[in-house]
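Chemist: Sequence below, structure please.
(chains A and B)
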Amino acid sequence: MPETPTPPPRAPIASDGGGFALDTADRQAMRRERDHYEQPQAACIEALKIVQRRHGWVPDGAIPAIAEALGIGVAEVEGVATFYSLIFRRPVGRHVILVCDSSSCFLCGVEALRAALEARLAIGLGETTVDGRFTLLPVCCLGACDGAPALMIDDDTYGPVSPDDLASLLEAYP
Amino acid sequence: MSPIPRYHSRLRQTPAERRAESHPLTWRLREDGRRVTLDDYLAGDGYAAVREVLGEGTPETVIATMKAANVRGRGGAGFSAGTKWSLTLTGDDLPRGYLVCNADEMEPGTFKDRVLMEQLPHLLIEGMILGGFANRSRQGYIFLRGEYREAARALARALEEARDADWLGPDIAGSGFDFDIALHTGAGRYICGEETALISSLEGHRANPRAKPPFPGQSGAWGKPTVVNNVETLCNVPGVMRHGADWYQALSGSLSEDGGTKLYGVSGRVARPGLWELPMGTPAGELLERAGGLSDGRRLKAWLPGGASTGFLLPEHLSLALDFDTIGDAGSRLGTGLLTVVPDDQPMVPLLRNLEAFFARESCGWCTPCRDGLPWTVRLLAALERGEGEPGDVTLLEDLARDLGPGRTFCAHAPGAAMPLASALAHFRDEFTAGIAPSRTPRAVGEEG
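Modeler: Just a heads-up that it's a prediction; the model follows:
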């Protein structure tokens, strides 16, 4: 398998996103991204992902910073940043668990799996554990239906996953 | 290391079961599931179609061959790819535009494009070069869903290899044709798979669909002619160009008038869920047999032929050929051609609540029937599931299924949601009425809870 590129270390940021400043390398990456398209707006989603890769989420302060870097409107960036489900606008845990809740996983017992996850982590969907380790989110069909029920932890997809697998599975994500 | 292995997509057929002449999409896949590199691909007749077509062909001859082969879109709609391509050539004054690969595979129950991108990315790249040539595109984009991380790595590596070997870039294979491909990864939202919403998203906007006409073929991304094709559709192109329309038609033989092969799959409660490349028009029953039938000794109750936005069919429909017209004539849609299997111990109301909750959440909110109608169906279904339905709720669901149908919304999202609902109500109405509380009186409009 191709090796997973090492993500940049996550830079801590105040949970209200105050005092946000765009990293210089990130600003350059956004401008390079812009050259792939006829208009700079098209780099907007990737720019949000660049911020998120560095900080784990996209604080409010990043919106005008991205708009400035790309030379587009603040409202346009905000509109996009509030539309896409994989752009996080609140702090998330060190690891994000995406639980597929679509039909094949539903038929193969994902509701029991999700209940087991919620019980183990003591959180519901959309919440983060008190120790800041995991955030639990629903996701639409992961395209792993021959491995239903399936879930993703960070970049890794697993399936089929049974409630009994959870203890040792989560251990791999400290 | 994690105790359970990561998910790895695979085809159920072994290399011995796949041949170049009969399995054009998958014969090159390695047994170990690793990516087919450029060298492997070249050794297996790779980029031969590009060399041939860019050397001797014209956009017109490519499109004529696509039309003669009758390559129908594998993203679910089944529209003729050749006809779609001919739109970009209708005006002499049209600027060079874009060829976009729709790799936003998110249709529930669909896991076919993933294996092609992870393990055979050069086939897609070759198909895109041919498509770009036919449409005189200046640039290609692969719009890949954000969750497909392994596919992103495989595609990025393959694009690099292709560029280094001059299969992409200026003057490809000495033909004078310039074309490159950029990988664009998404950030979630099922609606991005809708052709015009995908273009909005590619441009960096919210993924709202656009009215047609103008069709993207004439005015799409940044107002330029834009062709959007599914991964599997584009992966069909090299074989068609290499071996011709007659060969392609013969692949499906007497099974179907739609030519070629199809990546079929089965998931849900079956013994051996999986993916197979089979002739277009393979009967559904044969596919279910390959999947080992239902698991846990259950019997078949119903099945979706190709994703959440197709209508339920019954055991009696298993003899039908899985092609666009046959499944369409039976009142459903072939969709992506990957079956979702429902066992006899699965009640329909919770399943429909799950399906409609998916569509409600994934609505982009652009038009009212979809934005408000879908959550309404979820509330009604949830009430029926709890046994707290009101008299009239089932009729109301039937009305909603009709009112969310084709022609009443901006795009195909709500009509897609209406298909499983209408068909489930038609086939299993009693299960829905059983959710009406015995002593209830009808509620006032707007008080459905």
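
Chemist: Which secondary structure element is home to B:Leu339?
Modeler: Assigned by DSSP states H and E, B:Leu339 belongs to strand B:338-343.

Chemist: packing partners for that strand?
Modeler: Using 3 or more CB pairs under 8 Å, 6 or more residues apart in numbering or on different chains; DSSP states H and E, the elements in contact with strand B:338-343 are helix A:103-107, strand B:261-268, helix B:284-290, strand B:300-304. Where C-beta positions appear, they are placed from N, C-alpha and C, glycine not excepted.

Chemist: Tell me which stretches of the stretch 1-150 of chain B form strands.
Modeler: For the stretch 1-150 of chain B, applying DSSP state E, counting those that start in this stretch gives strands covering B:98-103, B:139-144.

Chemist: In TSV: the helices and strands packed on strand B:338-343, plus mean neighbour count and distance to B:Asp430.
Modeler: Converted to TSV, the helices and strands packed on strand B:338-343 look like this (neighbours: other CB atoms under 10 Å in any protein chain shown; distance: least, CB to CB, whole Å):
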stretch	mean neighbour count	distance to B:Asp430
helix A:103-107	28	21
strand B:261-268	27	22
helix B:284-290	18	25
strand B:300-304	24	13
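
Chemist: With distance to B:Trp167 as added columns, please give those in JSON lines.
Modeler: Formatted as JSON lines, these follow (distance: least, CB to CB, whole Å):
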{"stretch": "helix A:103-107", "distance to B:Trp167": "36"}
{"stretch": "strand B:261-268", "distance to B:Trp167": "24"}
{"stretch": "helix B:284-290", "distance to B:Trp167": "35"}
{"stretch": "strand B:300-304", "distance to B:Trp167": "38"}
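
Chemist: Show me chain A divided up by domain.
Modeler: Listed domain ranges for chain A are A:24-81, A:95-171 (source: automatic domain parsing).

Chemist: pLDDT averaged over the first one - what is it?
Modeler: Spelled out, it's domain A:24-81. Domain A:24-81 shows a mean pLDDT of 95.

Chemist: Quick one: end-to-end length of that domain, please.
Modeler: Distance between the two ends of domain A:24-81: 21 Å, counting by CA to CA, to the nearest Å.

Chemist: That one vs chain B: in contact?
Modeler: Yes. Using CB under 8 Å from any CB of the partner chain, domain A:24-81 reaches chain B at A:36-46, A:48-49, A:72, A:76, A:79-80.

Chemist: And the buried ones among these, selectable in ChimeraX?
Modeler: Buried subset of the residues of domain A:24-81 next to chain B, written as a ChimeraX selection, criterion 16 or more other CB atoms under 10 Å in any protein chain shown:
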select /A:37,40,41,42,43,44,45,46,48,49,72,76,80
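
Chemist: So which residues on the stretch 251-400 of chain B come close to chain A?
Modeler: B:265-269, B:273-275, B:304, B:308, B:338, B:340-343, B:346, B:351, B:354-355, B:357-358, B:361-362, B:364.

Chemist: List the buried residues for the helix of greatest length in chain B?
Modeler: Longest helix in chain B by number of residues (criterion: DSSP state H): helix B:368-385. The neighbour-count check on helix B:368-385 (16+ other CB under 10 Å) flags B:369-370, B:373-378, B:380-385 as buried.

Chemist: would you put the C-alpha positions of the helix or strand following it in PDB?
Modeler: The helix or strand immediately downstream of helix B:368-385 is helix B:393-403, counting by DSSP H and E. Listed next in PDB are the C-alpha coordinates belonging to helix B:393-403 (Å, rounded to 0.1, in the frame of the first residue of the first chain):
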ATOM      1  CA  ASP B 393     -50.400   9.500   7.400                       C
ATOM      2  CA  VAL B 394     -49.900   6.700   4.800                       C
ATOM      3  CA  THR B 395     -51.900   8.600   2.200                       C
ATOM      4  CA  LEU B 396     -49.900  11.700   3.100                       C
ATOM      5  CA  LEU B 397     -46.700   9.800   2.500                       C
ATOM      6  CA  GLU B 398     -48.100   8.600  -0.900                       C
ATOM      7  CA  ASP B 399     -48.900  12.300  -1.800                       C
ATOM      8  CA  LEU B 400     -45.400  13.300  -0.700                       C
ATOM      9  CA  ALA B 401     -43.800  10.600  -2.800                       C
ATOM     10  CA  ARG B 402     -45.700  11.900  -5.800                       C
ATOM     11  CA  ASP B 403     -45.200  15.600  -5.100                       C
END
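
Chemist: Can you show me the strands along chain A?
Modeler: Per DSSP state E, chain A carries strands over the ranges A:95-100, A:134-139, A:151-153, A:156-158.

Chemist: quick one: furthest residue from the center of chain A?
Modeler: A:Glu38 (27.1 Å; CA atoms, centre = their mean).

Chemist: from what I can see that one touches B:Trp222, true?
Modeler: Yes. Under the criterion of CB atoms under 8 Å, A:Glu38 makes contact with B:Trp222 at 4.4 Å.

Chemist: and the end-to-end length of stretch B:254-268?
Modeler: Using CA to CA, the end-to-end distance of stretch B:254-268 comes to 29 Å.

Chemist: Average pLDDT for it, rounded please.
Modeler: The predicted model assigns stretch B:254-268 a mean pLDDT of 96.
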